[in-house]
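Novice: Fold the following, please.
(2 chains)
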2 protein chains.
Amino acid sequence: MNISLTSGKNIPCTPGSSILKSLKKAGIYLTSSCGGKGTCGKCRVIIKSGSADIRSKMKLTQEELNEGFALACRAFPAGDILIDIPKESMLTVEGRIATGKSRDLLALLHSKGAEIDPISGRIVLKLPPPSLDDNISDLERLKRELAANGLGCLRVPFRFMTNLARTVRKEKWEITLSTIHSEDCHEITGIFPGNRKAPQYGFAIDIGTTTVVVYLVDLTDGTLVDIASTYNSQIRFGDDVITRIVHATEHNEMENLHRAVISDINQLISILMTDHGISAGSVDCLVAAGNTTMTHFFLNLDPSAIREAPYIPTANIFPLSHAGELRIKVRPNVPVYVFPCVASYVGGDIVSGVLATGMHEKEELSIFIDIGTNGEIVIGNSEWLMSAACSAGPCFEGSGIKHGMRATDGAIEGIKINPDTLEVEIKVIGDDTQPTGICGSGMIDAVAEMFLAGILDRKGRLRKDVSDRVREEEDGPEFVVHYGDRQDIVLAEPDIENIIRAKAAIYAGFSTLLNEAGFTFDDVQKVYIAGGFGKFLDIEKAIILGLLPEMPKEKFQYMGNTSITGTYLCILSRKVRALAEKISTEMAYVELSVSTSFMDEYMSGLFLPHTNIDAFPGVKELMKKQAL
Amino acid sequence: MNISLTSGKNIPCTPGSSILKSLKKAGIYLTSSCGGKGTCGKCRVIIKSGSADIRSKMKLTQEELNEGFALACRAFPAGDILIDIPKESMLTVEGRIATGKSRDLLALLHSKGAEIDPISGRIVLKLPPPSLDDNISDLERLKRELAANGLGCLRVPFRFMTNLARTVRKEKWEITLSTIHSEDCHEITGIFPGNRKAPQYGFAIDIGTTTVVVYLVDLTDGTLVDIASTYNSQIRFGDDVITRIVHATEHNEMENLHRAVISDINQLISILMTDHGISAGSVDCLVAAGNTTMTHFFLNLDPSAIREAPYIPTANIFPLSHAGELRIKVRPNVPVYVFPCVASYVGGDIVSGVLATGMHEKEELSIFIDIGTNGEIVIGNSEWLMSAACSAGPCFEGSGIKHGMRATDGAIEGIKINPDTLEVEIKVIGDDTQPTGICGSGMIDAVAEMFLAGILDRKGRLRKDVSDRVREEEDGPEFVVHYGDRQDIVLAEPDIENIIRAKAAIYAGFSTLLNEAGFTFDDVQKVYIAGGFGKFLDIEKAIILGLLPEMPKEKFQYMGNTSITGTYLCILSRKVRALAEKISTEMAYVELSVSTSFMDEYMSGLFLPHTNIDAFPGVKELMKKQAL
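Specialist: Residues are numbered from 1 along each chain as shown, chains lettered A, B, ... in the order given. You can find the predicted model right below:
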């Protein structure tokens, strides 16, 4: 029994396996935010010929059903079958997204008073050759020379012993060591014959729930040589961390989730090494940051206890691991430093983000918010830091939104609605003018503009009488953001509910944390915003939505991906690494999921912009102007 | 093309490969002390039919050649061939040689003031379960509990993180840790759910150049549960350490020498574990001792620099390794502690031997001599220790001696010659009365008795006129020790020369070391003798030979295999392990190969008993009595 694709491929299938499962087995991955439960409606395929047992028609219109659309996770072939996979159903993998030198980032490093001092250093030694009068062993000779260089405590892992005799003799007793500091001691991570001070590279890695980003860094001068990124292919097991933990635990697939993200990283590393002609011996270390669950999957640690109260990770500070143990395809002995986490829902990406913002060095009270799949918040200054996760969900990354997508080519990233004519103007990422979905910044714009134009009421319900773009479909009303040739891009009422729940959670997080610490929004001098919104996030619209508190615009700073910035700073500086550990251990963590005041704040936030409209005087003014 | 064996087996062969090589490829190993160079004459086979290109007839009599005898290493099949392999050519592997409890060894441990405190300990912990108020990570919880138990510095290797979450939860937060001290810190080597305080076993291993011995030790009470031993199958690459280093270096076969000894150890461990129903989880550590070259091969370290001046080992004190790294078939995380060495030719077996003798704890001046393949000597007391290796060669283990063999079944271990009738009486090991060779103690007896009976002159030359047992063969005169049905057991003049060179080297070692330290034999209170002589070593004969200095008999103590005794003491006591490291670093080493006084002493020793007969007044008296 076969599934034929209109693209020409043929893959085997069995009656008991869904089309989604058979495609997956053949290495063809479809978007399936819900992990294949038939609830997200994203794994759509078109059955062109042959028959299939269709077990659910959810998320599909009668018209679509007539055209042969089916959810791949709910369709089971009854014989040979021919299908077409629409572009938007494919889980695509990007290639490189950016290339460039990094003057800005270097300036950021220097602004922290840190010099280039990579966490994995190289030491060149000229050993005195042995003689009958000086006949200590090779290892003792090495240790004696290092002690003379002031490097007292040195751990030589057993695996370096095998070829030590040959290596020290190869280039007349000159050798180069690469070392990293680990557990109060220097640990050897490489022994090379001769002087191999340069070249020396490292990879800084951000393991996002949705995207994996790798920076190739020249450790000798700090140059950011190149950048590569791709989707985190764990997406095929579910969009958010909880779905993935459930999948790993219930299907006993922890190892597969580990392998998925490692294979993404290997792919990116391989591209970067090939493109820049970098040999395996020149790579000295890897630094990675991710949320606590991503970190667990990356390190192949069982994450199941993270999911249930009292929410316990295996570790927050991780023993140093090595590329070989994680199956990362560089020299097996290359050390992998992983950013320390704070708690189950405030991870290394947030510690890295704090480092990137510099809020831990300033006297002023700041807020740092990373709007990714979770919504983590940090408040504080150089004296103290307090953090929380507000379970905002991944809707701003496109998940749980009918036509949601990441800020990549084809995404509607900006929307304007003329309040008088109700005409809609959209801004699409990339040269392709035909939009394929809507990303986080587009969603914020859309909801704020629809609200100001009177298309949405304060509860987030669509008003059918105002615009003919609001139409009633089988599963409820929706707003057409863009009329497409093949497919319209819409925001349906459940999408808008999701967005409002997310913004309510984030705003409630701000309020609760500030309150816990005895402050109000008036005390806040700076709000740093991180997240995958692309180049563009309209702060004013985010305030109208009630996602951000109403403050003077200059207090906000949008910083993009702060996690990767922090890993870049860390790979280049032992001082920054030490700071990361200090921040992670000293940062307080507030568990919002058991906080009643958080729940109250959250409920108040389920209105536009907020139940307490007086906290948004500017928005109130605008509403008055629009006679809302 | 095939080689058929009279035993029924058929093995493939090619014209370019010697019979020895083809047999080896098929897993059939012959004795070949010289490593297949055609010089030792031990790999004899009988060609029954078919023809072969015989490239050397050395070491074979005309009669033997007529019967079809050939050296397997110099015979190349010219077509299908049928051969018979005589029993004495087979490299046999013993099974277990002894079983027994160890009251004596435990008494030895206690006599050192050491209690049973195994170098790998187990700690049972009951962790307080986490709650929302106590929500630190599993790793922090573990470390906190250990710190509360006074175990401050603890290294958790990354590989233990994967299942930590599952393990701590499996038996209601009760866990058992196995740990070993390493690099100034405790290192975790196992994490088990529940209370697993017992059973707990360890293996103590002596890696001899000729024999590998394994003790199975119950770490909870110190019982020596069982013993197993086998030939070191590296013998197929040569009998002595130099031949093996040359083989490893020139044939790029380091890895094969490593694998050979590891496979021997795996075989012994497997027998012991099966016989006693021991599960993998109950084995906690391995302690091994060997000479410096054996230690290098065991750890897969390049030994080539050991062979040439200035004789440098990769290391003398080795980083802790783990069973998995060495391919030893117990739990991969089981730590392998290897006895520290002193220099290239005084190894961990000697350090272990010193510990077994206790000479390092006594005020009196002692000598320790281990007569194995090399002949290492230690002199000193509780204040100082000085060591040397005297390149005696492996003749007392049977190598380089026409009918030489180890002290095992079939070996002539004792010889008496009636000085009047010249009748010869032999003592053979085992029930098999038909002797197959002569072992070290037999050689010492033979040469001493032949000398006293006037059959040998002071230069070690056979006197044909005295006994009809002395006969002239093609390659010179030989003495028939035993007339056999199939084969006579003889000592030929070159054998006797070898024995005299070996005893001269050892005696020269004693004299030189004592002289270096400013002492004479009169100052020595005790001589500890180790070596594979079986149960029996006739001290008086060894003095007549001039191997041992003439002293009152009660000053000598024959101790058998001291290396395995030391490893047994070490596995049971952290105090003994610390002592081993202290001894290895504090013991001085004298390089005899560049000492002119050693060469002078050696030359003086090439007579029976010695050039300076006055140093042997008792022997002089005996000689006078026998009118020699």
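
Novice: tell me how far the lowest-mean-pLDDT helix or strand in chain A is from the chain's mean position?
Specialist: Lowest mean confidence among the helices and strands of chain A (mean pLDDT, DSSP states H and E): helix A:103-111, at a mean of 77. Helix A:103-111 sits 23 Å away from the centroid of its parent chain (Cα atoms, centre = their mean, to the nearest Å).

Novice: Following element in sequence after it, please.
Specialist: strand A:120-126 (DSSP states H and E).

Novice: could you say what helices and strands that following strand packs with?
Specialist: In terms of contacts (3 or more Cβ pairs under 8 Å, 6 or more residues apart in numbering or on different chains; DSSP states H and E), strand A:120-126 is packed against helix A:138-148, strand A:174-182, strand A:283-290. Yep, even glycine has a C-beta here, placed from its N, CA and C like the rest.

Novice: So what are the structural domains in chain A, by residue number?
Specialist: Domain ranges of chain A: A:2-89, A:119-193, per automatic domain parsing.

Novice: Lowest mean pLDDT across those domains, which one is that?
Specialist: Here the domains of chain A differ in mean pLDDT, and the lowest is domain A:2-89 at a mean of 86.

Novice: what's the closest residue to residue A:406 other than its chain neighbours in contact with, if anything?
Specialist: Nearest residue to residue A:406, sequence neighbours excluded (Cβ to Cβ, 6 or more residues apart in numbering or on different chains): residue A:398, at 5.4 Å. Residue A:398 makes contact with A:210, A:404, A:405, A:406, A:437, A:438, A:439, A:440 under the criterion Cβ atoms under 8 Å, 6 or more residues apart in numbering or on different chains.

Novice: quick one: which of those sit in strands?
Specialist: Members of the contacts of residue A:398 lying in strands (criterion: DSSP state E): A:437, A:438.

Novice: just checking, what packs against the least confident helix or strand of chain A?
Specialist: Looks like helix A:103-111 contacts helix A:562-571 (3+ Cβ pairs under 8 Å, 6+ apart).

Novice: could you pull out the strands for the stretch 1-150 of chain A?
Specialist: Taking DSSP state E, counting those that start in this stretch to define them, one finds strands in the stretch 1-150 of chain A at A:2-5, A:10-12, A:44-49, A:52-54, A:69-71, A:75-77, A:81-84, A:120-126.

Novice: wait, what's in contact with the residue nearest the centre of chain A?
Specialist: Nearest to the geometric centre of chain A sits residue A:208, at 1.9 Å (Cα atoms, centre = their mean). By Cβ under 8 Å, 6+ apart, the contact list for residue A:208 reads A:232, A:290, A:294, A:349, A:372, A:373, A:532, A:561, A:563.

Novice: Try it again at 7 Å.
Specialist: Contacts for residue A:208 (Cβ atoms under 7 Å, 6 or more residues apart in numbering or on different chains) come out as A:232, A:290, A:372.

Novice: Can you tell me how far it is from chain B?
Specialist: Distance of residue A:208 to chain B, given as Cβ to the nearest Cβ, to the nearest Å: 22 Å.

Novice: again with residue A:62
Specialist: Plainly put, residue A:62 is 48 Å away from chain B if you go by Cβ to the nearest Cβ.

Novice: a markdown table please, covering the contacts of residue A:398 and showing neighbour count and pLDDT.
Specialist: A markdown table is the format used below for the contacts of residue A:398 (neighbours: other Cβ atoms under 10 Å in any protein chain shown; pLDDT from 0 to 100):
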| residue | neighbour count | pLDDT |
| --- | --- | --- |
| A:210 | 18 | 86 |
| A:404 | 27 | 90 |
| A:405 | 25 | 86 |
| A:406 | 23 | 81 |
| A:437 | 22 | 91 |
| A:438 | 29 | 94 |
| A:439 | 29 | 91 |
| A:440 | 28 | 92 |
